[in-house]
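S.K.: Sequence unavailable; structure follows:
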């Protein structure tokens, strides 16, 4: 037995990972590992805000019911109630971390409205809330004497062992992306805060790092995975012919923007009583249906009726991005398309972030706490990240004492580190693109039994190819990411074939009785 390198290793540097690090570092040694730079996270791209009951006319019960309704009855109600009740304290903690949320004319917290919410309850920093939170938490982490940060480090596999009580995690094997060296880091506990896996789809609002690494490692280690059929597609990504994806925040619709057809006419009232502010799964399917019906590559958002200067002042990032491609939002319609946005399922975790593997925690988008059910309510994601990270940090307070500082001294299998030559790199890129196109077309917004079965078959073939590539090239970032995406694709497809009803983010277009034969 040996003394661990750190008390806690955190993989991921978004709102969940950094919140955990800051909350647990008072009496512990914490290492934060991130695949890119500290600031390159899904959190940094979040525009809208954080949902919290702060208005006296709003109630916890109303926020809970909005969440349950958006989740199509498949939320874990106990987790929802915990998150909602902890939300005001989470907002206060973020304010204490120097996050400057917007104020209204009277000096109170400005509260926005987004789809699925019955009240104004979204705290925000214009349309770059995530970036502002990321910057504030980064500064606090950099200053903390008990927190170490190592950038450009990619997890390969979790280090696990077994005892009389079952499997436990005691560290992680990582690849240094600068030196191309593999090493093992031991810890009293490992915290997965690696975000989502949007890159498994051809079109996504997620950054390039969102390749499901933590989820795939946990699955390979035998952790319980849940609800992977429920992937949320954001209905309003900026349409650009070059394929670049830029998120158009739902908060813009909350401020009055309307979804319209190519001729400028409204249509969402035909699909849901809440119109353009219906839950995201309904809006995404409606947009896709109308695109197909009108044989149009996109639909549109109309903000021309809003007060002059409203978008420029309240949504500066969106305003300026549109301007760079020649769209004056005060005169022109904004072209939009749906894109993969948020992983509602993940590594099953309880209210303290504990997974089915002892001493392995999962928080944020990589986790499935049950709060999102079949479809996430807008602006509950950043909230989930900070609430459950704080809860996990509170739970691990005594873990160092009861583990008595000892971990197994067994080493992980030595990894081969070779080289990825030009032709093989191109083959990896082709395989990744093939997988993304396959998932988008067959396991995306609208699915089919035939398409899902095709997915299973082609995923198996891609798995064999990726395994062969890794045997030739050794441990390389692109190859590891491809293998992780294939693992995630398999989890999504298998879960979709097991689900026997259309609900939330899972929609099969033909008679579901056909699944009974699968």
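M.R.: Okay, I see it. Quick caveat: nothing in here was measured; it's all calculated off a predicted structure. Residues are numbered from 1 along each chain as shown.
S.K.: just for the chain, where's the confidence low?
M.R.: 1-3, 400-413, 510-518 (pLDDT under 70).
S.K.: Point to the residue nearest the middle of it.
M.R.: residue 196 (3.5 Å; C-alpha atoms, centre = their mean).
S.K.: List the residues that contact that one.
M.R.: 42, 206, 210, 212, 342-343, 346, 365-366 (C-beta atoms under 8 Å, 6 or more residues apart in numbering). Every residue, glycine included, has its C-beta placed from N, CA and C.
S.K.: next one: residue 487
M.R.: Shown in contact with residue 487 (C-beta under 8 Å, 6+ apart): 212, 215-216, 219-220.
S.K.: before we move on, what about residue 483?
M.R.: Residue 483 neighbours (C-beta under 8 Å, 6+ apart): 216, 463, 466-467, 470.
S.K.: name the element residue 130 belongs to?
M.R.: Here residue 130 sits within helix 129-143, counting by DSSP states H and E.
S.K.: Next secondary structure after that helix?
M.R.: Tracing the chain C-terminally past helix 129-143 and defining elements by DSSP H and E, one meets strand 147-151 next.
S.K.: Okay, now the sheet partners of whichever helix or strand comes after that next one, with direction.
M.R.: Tracing the chain C-terminally past strand 147-151 and defining elements by DSSP H and E, one meets strand 153-163 next. Strand pairing for strand 153-163, using DSSP bridges, gives strand 166-176 (antiparallel).
S.K.: Just the buried residues of the partner strand, please?
M.R.: Using 16 or more other C-beta atoms under 10 Å as the test for burial, strand 166-176 gives 167-175.
S.K.: Likewise for stretch 94-109?
M.R.: 94, 97, 99, 101-102, 109.
S.K.: who's in contact with that stretch?
M.R.: So stretch 94-109 is contacted by 22, 50, 54, 91, 110-111, 123-126, 129, 132-133, 136-137, 139-140, 386 (C-beta under 8 Å, 6+ apart).
S.K.: what's the spacing between residue 116 and residue 42?
M.R.: Plainly put, residue 116 is 20 Å away from residue 42 if you go by C-beta to C-beta, to the nearest Å.
S.K.: And residue 113, by the same measure?
M.R.: The value you get for residue 113 to residue 42, if C-beta to C-beta is used, is 23 Å.
S.K.: Tell me which of these two has more neighbours.
M.R.: residue 42 (29 against 20; other C-beta atoms under 10 Å).
S.K.: Helices along the protein, start to end?
M.R.: 15-24, 60-70, 77-96, 129-143, 213-220, 250-254, 280-293, 310-314, 316-324, 381-395, 399-403, 422-442, 449-473, 477-498 (DSSP state H).
S.K.: so which of those helices is the most packed in?
M.R.: helix 15-24 (a mean of 29; mean count of other C-beta atoms under 10 Å).
S.K.: so how far is that one off the chain centroid?
M.R.: In terms of C-alpha atoms, centre = their mean, to the nearest Å, the centre of helix 15-24 is found 16 Å from the chain centre.
S.K.: That helix versus strand 147-151: what angle between them?
M.R.: Comparing the axes of helix 15-24 and strand 147-151 via axes from the mean of the first three to the mean of the last three C-alpha atoms, to 10 degrees yields an angle of 150 degrees.
S.K.: Need the contacts of residue 483 in TSV (columns: distance to residue 420).
M.R.: Below are the contacts of residue 483 laid out as TSV (distance: C-beta to C-beta, whole Å):
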residue	distance to residue 420
216	19
463	19
466	13
467	15
470	10
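S.K.: Specify which member of these is nearest to residue 321.
M.R.: Residue 321 lies nearest to residue 216 out of the contacts of residue 483, by C-beta to C-beta, at 31.7 Å.
S.K.: how near is that closest one to residue 36?
M.R.: 17 Å.
S.K.: Residue 4 and residue 171 touch, don't they?
M.R.: Yes. Residue 4 lies in contact with residue 171 (C-beta atoms under 8 Å); the separation is 7.2 Å.
S.K.: Check the burial of residue 5 by counting its neighbours.
M.R.: 16.
S.K.: Now do the contacts for residue 18.
M.R.: Here residue 18 is in contact with 32, 134, 137-138, 140-141 (criterion: C-beta under 8 Å, 6+ apart).
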